[in-house]
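Chemist: model this:
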Amino acid sequence: MSHAKKSLGQHFLTDQHAIARIVDAVPSGVTALEIGPGRGAITTPLRQRCSQLTVIEKDHNLAAHWQQQGEHDATFGIIHGDVMDLLTTTVRDTQPAWIVGNLPYNISGPLTAQLAALDGISGMVLMYQREVAERIAAAPGTGRVCGGISVITCFYWNIVRICTLPPGAFSPPPKVHSVVLQFSRNPRSADPAGFARLQKCVRTGFAHRRKTIHNNFRPQMNPERWQLCGIDPGLRPEALSLEQWIALAKALPHH
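Modeler: Numbering: from 1, shown residues only. Next comes the predicted model:
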């Protein structure tokens, strides 16, 4: 099978204990989508565990390998292409309940923003570079590690850390530790309009991290609006709790 490609951020998982932890975090018998199956460390056990599995693979050689593997298996589907372009249509067409993936380091931030907004997904098990995972799992308002992605993911998802993996768990070893997170839905997922407003608000709020929110939201917010939503405009974006972000998104003038 093909060698790891640096351009695609490929690091193949080889640690058997970690593989078992990831697969066990997916409920048995569900339909699932795997992002970047690579050489199949997670794919092979997932095929046994899931009622239907679809994989998205960008690497031409690996996609060809999986197409060959799945030729006579109606419960296994292969999509060849870039997940950033194909995620929404693939989810719409295959309707997975769960999404699993060792996400390529170079696209994990923007890809998570897409994944967080998906409708109809019950849960996700995703692997990240440790620093990215810490930012995603940080509760809004807890300080510098918290970013826009923390607010966005926290709106729809409850996040639990499954395990931390050293570089030696992969081939070739990356320069950093990796963390596996499990995402499960929270009740706010019934509010897609609120999510869209929040996403826009967070993008503006974290555009200049060192500035206060008063500066970031000028001229949309005047003193009366700040008073109405009960937020101190002198705060920096990482100091706002999720509830404050939701209140701010509602207070902003909508066009």
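
Chemist: Now do residue 237 against residue 245, distance only.
Modeler: 9 Å (Cβ to Cβ, to the nearest Å). Yep, even glycine has a C-beta here, placed from its N, CA and C like the rest.

Chemist: quick one: common contacting residues for these two?
Modeler: Shared contacts of residue 237 and residue 245 (Cβ atoms under 8 Å, 6 or more residues apart in numbering): residue 205.

Chemist: going on from the longest helix along the chain, what's the next piece of helix or strand?
Modeler: For the chain, the helix that runs over the most residues, judged by DSSP state H, is helix 192-205. Beyond helix 192-205 on the C-terminal side, the first helix or strand identified by DSSP states H and E is helix 213-216.

Chemist: Next secondary structure element downstream of that following helix?
Modeler: helix 223-229.

Chemist: Report the central residue of the chain.
Modeler: residue 112 (2.9 Å; Cα atoms, centre = their mean).

Chemist: where exactly do the strands run in this protein?
Modeler: 12-13, 31-35, 52-57, 76-80, 98-102, 123-129, 157-165, 170-171, 178-185 (DSSP state E).

Chemist: Among these, which comes closest to residue 212?
Modeler: With Cβ to Cβ as the measure, strand 157-165 is the member of these nearest residue 212 (27.7 Å).

Chemist: what does that closest one contact?
Modeler: Under Cβ under 8 Å, 6+ apart, the answer for strand 157-165 is 13, 15, 18, 21-22, 25, 116, 124-125, 127, 130, 133, 136-137, 153, 177-186.

Chemist: Now do the buried residues in that strand.
Modeler: 157, 159, 162, 163, 165 (16 or more other Cβ atoms under 10 Å).

Chemist: Pop the domain breakdown of this protein in here.
Modeler: When the chain is parsed with automatic domain parsing, its domains come out as 6-190, 192-251.
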